[in-house]
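Trainee: No letters, just coordinates:
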């Protein structure tokens, strides 16, 4: 079963010292993933397969440099089995934290009729 991952998010943080900023830029360049990054912000979008979770490895490495950030990176995981699941990533205390989520559906309550 193939899972498709769609990551999207925007983070802001205090200005990084030049050495940490250059290290972060080097990590993003080496990853082969497209990521926009400034001294106080990071914007990221990626859609595709991520079986080895290379995106998570990059975010974890960046978290150790950034330390603390506002905002989150949202990951939607689509499978052939039905509703997608979600992962919400934040950076705090020099670590990458994840909160998992899923869609909860209520039972159908009535038939929807369309007027012709």
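Mentor: Perfect, I can see it now. Bear in mind that the values here come from a model prediction, so they are computed numbers and not experimental data.

Trainee: Could you verify my assumption that residue 87 touches residue 96?
Mentor: No - judged on C-beta atoms under 8 Å, residue 87 makes no contact with residue 96 at a distance of 10.6 Å. All C-beta spots, glycine's among them, are computed from the backbone N, C-alpha and C.

Trainee: And what about the residue nearest to the spatial centre of the chain, helix, strand or coil?
Mentor: When C-alpha atoms, centre = their mean is applied to the chain, the residue found nearest the centroid is residue 73 (3.3 Å). Taking DSSP: H, G, I helix; E, B strand; the rest coil as the rule, one finds residue 73 in the strand state.

Trainee: All the strands of this structure, residue numbers only.
Mentor: 4-12, 35-37, 41-48, 70-78, 85-92, 95-102 (DSSP state E).

Trainee: Using CSV, please lay out those strands together with distance to residue 27 and mean pLDDT.
Mentor: CSV is the format used below for those (distance: least, C-beta to C-beta, whole Å; pLDDT from 0 to 100):
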stretch, distance to residue 27, mean pLDDT
strand 4-12, 15, 96
strand 35-37, 9, 91
strand 41-48, 11, 94
strand 70-78, 15, 96
strand 85-92, 14, 96
strand 95-102, 13, 96
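
Trainee: Can I get those strands in JSON lines including distance to residue 64?
Mentor: Shown next, in JSON lines, are those (distance: least, C-beta to C-beta, whole Å):
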{"stretch": "strand 4-12", "distance to residue 64": "14"}
{"stretch": "strand 35-37", "distance to residue 64": "15"}
{"stretch": "strand 41-48", "distance to residue 64": "14"}
{"stretch": "strand 70-78", "distance to residue 64": "15"}
{"stretch": "strand 85-92", "distance to residue 64": "9"}
{"stretch": "strand 95-102", "distance to residue 64": "7"}
